[in-house]
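Peer 1: here is a sequence together with a model predicted from it:
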Amino acid sequence: MPTTQRIISIVADRHLHERLRAEALRQGKSVSRFVRDLVEERVRPPRTRRKGGSALLGLCGLAHGELASVDIDRELYGR
């Protein structure tokens, strides 16, 4: 399957280019790699949290389901 590459030119003024170059050097990257990483970070879809179980049930350890919630309700609410 053939791939397509797109070439994008970015024009920055002297001051911005020097800041980019200094930051890239600080991170041990080339300016082009630094800019690619910035762009990829911005266009990447946001990470979504997996829908797991209740965080409260996770803290309960081995207790599961209604057994844990009944005890927690009784402790918290006196029911």
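Peer 2: Arrived safely. Quantities reported herein were computed from a predicted structural model and do not represent experimental measurements.
Peer 1: only C-alpha atoms for contact and neighbour calcs from this point on.
Peer 2: Fine.
Peer 1: remind me which residues of the protein are low pLDDT?
Peer 2: For the chain, residues meeting the criterion pLDDT under 70 lie at 1-2, 49-79.
Peer 1: now the helices: where do they sit in it?
Peer 2: According to DSSP state H, the chain carries its helices in the segments 14-26, 31-43, 55-59, 65-77.
Peer 1: quick one: buried residues of the second one?
Peer 2: So that's helix 31-43. 31, 34-35 (16 or more other CA atoms under 10 Å).
Peer 1: quick one, it and helix 14-26 angle?
Peer 2: Orientation check (axes from the mean of the first three to the mean of the last three CA atoms, to 10 degrees): helix 31-43 against helix 14-26 gives 90 degrees.
Peer 1: now what about helix 31-43, what contacts it?
Peer 2: Residues outside helix 31-43 that contact it (CA atoms under 8 Å, 6 or more residues apart in numbering): 20-21, 24-25.
Peer 1: could you export that helix as PDB, CA atoms only?
Peer 2: Below are the C-alpha coordinates for helix 31-43, written out as PDB (Å, rounded to 0.1, in the frame of the first residue of the first chain):
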ATOM      1  CA  VAL A  31      14.500  21.800  15.100                       C
ATOM      2  CA  SER A  32      12.500  19.900  12.500                       C
ATOM      3  CA  ARG A  33      12.000  16.900  14.900                       C
ATOM      4  CA  PHE A  34      11.000  19.300  17.700                       C
ATOM      5  CA  VAL A  35       8.400  21.000  15.400                       C
ATOM      6  CA  ARG A  36       7.100  17.700  14.200                       C
ATOM      7  CA  ASP A  37       6.700  16.500  17.800                       C
ATOM      8  CA  LEU A  38       4.800  19.700  18.700                       C
ATOM      9  CA  VAL A  39       2.500  19.400  15.700                       C
ATOM     10  CA  GLU A  40       1.800  15.700  16.300                       C
ATOM     11  CA  GLU A  41       1.000  16.400  20.000                       C
ATOM     12  CA  ARG A  42      -1.500  19.100  19.000                       C
ATOM     13  CA  VAL A  43      -3.300  17.000  16.300                       C
END
